[in-house]
Structures are given as structure tokens and as C-alpha cells.
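Chemist: structure here, sequence nowhere to be found:
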């Protein structure tokens, strides 16, 4: 929303991790003081240190902290902030949050609530795209239940995609290849959608097997000026989650780029959109593109656009929010940029999340290398949130130079104490499919079957340093606000232990026991006490770091103990079931 400033700006970042740090860095360059909010799990996080002021907003559970509108607005009032930036995820695409921010007298650094509402409803967004003349994939125009889905599925055709009507980021999204799996996928997608976005509605659309994922970065001001900042290719995906992004798209020529820009600008104007946004599409084998959705926030992958254009997208967001004009903004892209998402997951164990303490952390550097990170050595990656903790971005004169530079930077990136996705990024970048740019959105999951990535070694937590009698500066909370004080003793706690090597996404059998491979929440129990079970049957679904993990039996037998229930939070190595 745009508002004419009446006093010196102060910006509260209603988010955490690397995106909060990234936003604060731009604010520093613009001379705008910043305010961080944090949960108990993030008390010692980097974004909390970096801000000029920091306020506690609740316990680790996201619904009681980063999703608590009341707590965030209270922090904004106490800190006398004037602007609130939502980042991505959490409340970024919640229209009622944008409304609450404006009604409380703050400026929301993002689009108007009405635009978020229209475009956040995927079915409504498809209607807007249709009115703007943007091609759309066949599907349902409204959310569906099981009965309607059974009627619509034959018209749309298999394979089809079940998608959350209010959401994004690959959550609440499942491919259905035959009618037998339709009901199960609908229920799972609805459950995930409710968990992640607070809305359980889902809809159907045709699934294109051999597709590329391309998207347009736009920025729009209050005077109707819409600027296309270039396209990005995000086709390296696993479970609909992007791993690597690049710009420009290797599949685009100037003619396709011009048509793509015209479509994105037309849709943005049709939606009466304001601020930064991303128009996401799929690109089929013959070069035709189809609208998927519009993300009404800054994207995780925005740095690749910045690397080739030299433009700061966050600065443009703040400029527009403060009533600035985009007149005269020139966009000139040079070279090629690639981004790798660095997650605390072990690709060798089916991307098992591995929260814990980082014992050693060394970022790569050198020409045209950038790291956006929310962590450092001796900092914790909590298991309560997404596993993404850093992004590695490089640019080069062309795609091949950028690819080689990324390989060099990945080799320099040292992270110890937690597993990371660095090994799989190396494997992808060296693969023939990526080198020749023949990969599609479904390539990686098929290719990984034969990748044989080794599991990462046992990860020992960082060892606490001995106490010292020297004076130390620490921070305490007073009425939810961090205040620095000096003391002459410091108590330390043991670092959290990362998942051990025996833990896998299928659980581990130790004397008939199935134990939790990680901390998480039981979202579904699929067996009952006394029930016969076969090896490979799923016992329960454990949600950790925003991922559903199917915990399966490793042996045949009978369930003799089942000490878990839906909604229960379990710790690493907690007993889930006993099989005899």
C-alpha cells in the first residue's frame, strides 16, 4: 500500500531468518532504522542482532508468534514503527494482515489487501488472467470437494494437479495420475493447506509433465506504471519446491521474452496491482506459456534479478510504499545469474530435515558471489520453521561461467553441525541435463533415483566454550524488548543434537521400535494398536520444518504399542510405535 510519510520512516520486518536480514541491509543503506520481531526459538538469531530494536512476540510455535497479527502490531506500536515489511511466507500473502496494518496506522510494504485477496484466491486469479488475455491451464474455476472433483477430473484429464486455493511455495500441491488416488490426494492437500495457510480450499488443474517453470518479476507504482524486471527459470524442483533458480531463462529468445513481459504487465494492470509481485507460469515444449498464479510478495529468488539488473527490489518496494514513482526506471539486464537454496536437509537420506547448531560456518566469496544468510557459526537452526537458512547467488558473463562460478562457490561454502543441500546442488550443476538445460520440473525427482548421494556423516553439536570471568555483554528482555547489559558470568546451555545417522525418513527399527527421526508434529496416524502391519506400511505422518515425512515400518508384525496422537509434538528419537 502507498502512503505519504508524515514522519521519519522506521521499518518493522514481520519475518525471520535470511529474508529479515536481507531487508534490514537495504534499510541500512537507505538510512531507515529497523525493528526485528522474534519468537523464543529465535532469541539469539542473526536478524535479531542486526536490527536497531528487537521485540519478543511469543513462543516458538508460529501461530503464536510470526503468525500472530496482534503481537506484531503491538511490537510496531511499542517501537513507533511507520512501515511493516512482511517478507515472504508467514503473513506475507494474508489480506487480513495487510488490512490490519493499514487500519492500525502503519504502511504495509506490499500490495493493497484487495489485490492480495483477489490474487491469493487461485481460482479468482485465473479469472483475472483470462480477462487480461493471459493463457491459462484447463482446470476448475472454483474450489472443489471430493464429489465435484470426481465429476471434473475426467473433463480436465489425468494427470492433474490438486492445489491449495490460498497459498503457494509448493505446499498443498499433489499430482494425481489416476482416479483411484484422487480422494486421498484431495484430503492430503486440504490438510496441508489448512496447516500452512489457514484455508483448506483446493482446486484442480491439468498437470503438464514436461514443463519448465518460468516467472516474471514486476514492480508497479500508484500512478499505474508497471515495470517488467525480467524473467526467471525455476525448473529445478523437488516436490514442487524450488531448489535452483536462474535468469535469464535458457529457453527464452527476445520474441518470447517480449510476449511474456506483455502478458505479465497486462495481468498486473487488470488486477490493479501495486508494489512487487511475481507472475508464475509453466512453459511447454513448444514454447507456449500458461498462467499458474501471481505471488503477491517478494520471492525467495529475487536476488538473481538483482544480480543481472543492478536494481535493489526491496528498495523499490519501500520507494513505492512511501509514494515514490517508477517513472524513469531503466531496466538493463547483463549476464546470467544462478541461485542455490541452502537448506538444513540431508539429500542422502531423502532430504531429511536436520535442525541443530552450526559448529562451523564459512561463506564463499570472490568475484560476483553473494550470500544471503540468516545464520552463522554457533547459531541454531530451529526445527520449528522452514529449513532454508541461506541462499548462494552468483553471476557471470554467460550461463556457463555462472555455472562454473557456482560450483567454485559451493566448494568454498563450509557448514558443519547440520546437514545441508550443498552436495545435491553440486550434483545438479554437474549433470548433463542442467548443463544442456534440458531439465524440466519433474526431472530432478526421477534423476535422484540413480544419483546415490551418500548420507552425511554423524553431526556432533558445537562444544560449549568454558566459562570465563571476563566481563560479557548480554541481552535481556524487558517488557518484550531486548536490552543490552554487562555481567561477569555467563551460563551456557548444551547445543541441540542434530539427527543421528541411523535416523531416516522411514524411521528405524530397534528391537521392534519405530522412533522419530526428527522433532516434529504428528499430523496423521494411519495404524491402530493390534493391527497387523507389513514392512513399508506408513505408521504415521510427521511434519517437521514445513515438510510432511511418512514414517514407515521396517518389519512385518503387529502394532503392540502406539503412544502417539494427532497434534502431538514429538522429540528426536521419541517412541512412535512398537511392532512385535
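Modeler: That came through, no problem. Note that the structure is predicted; figures quoted are calculated from it, not measured. Numbers count the residues shown, from 1 in each chain.
Chemist: for residue 51, which non-adjacent residue is spatially closest?
Modeler: With sequence-adjacent residues excluded and distances taken as CB to CB, 6 or more residues apart in numbering, residue 51 is closest to residue 36, at 3.5 Å. From N, CA and C alone the C-beta is placed, and that goes for glycine too.
Chemist: tell me which helix or strand residue 535 sits in.
Modeler: Assessed by DSSP states H and E, residue 535 sits outside every helix and strand.
Chemist: just how off-centre is the helix or strand where residue 12 lies within its chain?
Modeler: Assigned by DSSP H and E, residue 12 belongs to strand 11-13. When distances are taken as CA atoms, centre = their mean, to the nearest Å, strand 11-13 is centred 20 Å away from the chain's centroid.
Chemist: for stretch 425-437, same thing?
Modeler: Put simply, stretch 425-437 sits 23 Å off its chain's centre (CA atoms, centre = their mean).
Chemist: can you give me the first-to-last residue distance of that stretch?
Modeler: Separation of the first and last residues of stretch 425-437 by CA to CA, to the nearest Å is 15 Å.
Chemist: and for stretch 96-109?
Modeler: Using CA to CA, the end-to-end distance of stretch 96-109 comes to 14 Å.
Chemist: ok, now stretch 347-366?
Modeler: 27 Å.
Chemist: now it: average pLDDT?
Modeler: Averaged across stretch 347-366, the pLDDT comes to 94.
Chemist: one more: stretch 311-318?
Modeler: Averaging pLDDT along stretch 311-318 yields 98.
Chemist: contact partners of it?
Modeler: 9, 11, 22-23, 26-27, 29-30, 32, 83, 85, 109-110, 217, 219, 229, 275-276, 298, 302, 305-306, 326, 329, 331 (CB atoms under 8 Å, 6 or more residues apart in numbering).
Chemist: hang on, residue 192 in a helix?
Modeler: Yes. Under DSSP: H, G, I helix; E, B strand; the rest coil, residue 192 falls within a helix.
Chemist: just give me the neighbour total for the nearest residue to it once chain neighbours are set aside.
Modeler: Once flanking residues are discounted, residue 192 sits nearest to residue 172: 4.2 Å by CB to CB, 6+ apart. Residue 172 sits with 27 neighbouring residues when counted by other CB atoms under 10 Å.
Chemist: could you point out the helix or strand that follows the helix or strand hosting residue 125?
Modeler: Assigned by DSSP H and E, residue 125 belongs to helix 122-131. Tracing the chain C-terminally past helix 122-131 and defining elements by DSSP H and E, one meets helix 146-156 next.
Chemist: residues in contact with that following helix?
Modeler: By CB under 8 Å, 6+ apart, the surrounding residues in contact with helix 146-156 are 138-140, 144, 160, 162, 176, 179, 182-183, 186-187, 204-206.
Chemist: can you name the residues that contact residue 250?
Modeler: So residue 250 contacts 233, 399, 437 (CB under 8 Å, 6+ apart).
Chemist: same check on residue 390?
Modeler: 18, 342, 363, 371-375.
Chemist: can you select the buried ones from the residues you listed in PyMOL?
Modeler: Here is the PyMOL command that picks out the buried ones among the contacts of residue 390, judged by 16 or more other CB atoms under 10 Å:
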select buried, resi 18+342+363+371+372+373+374+375
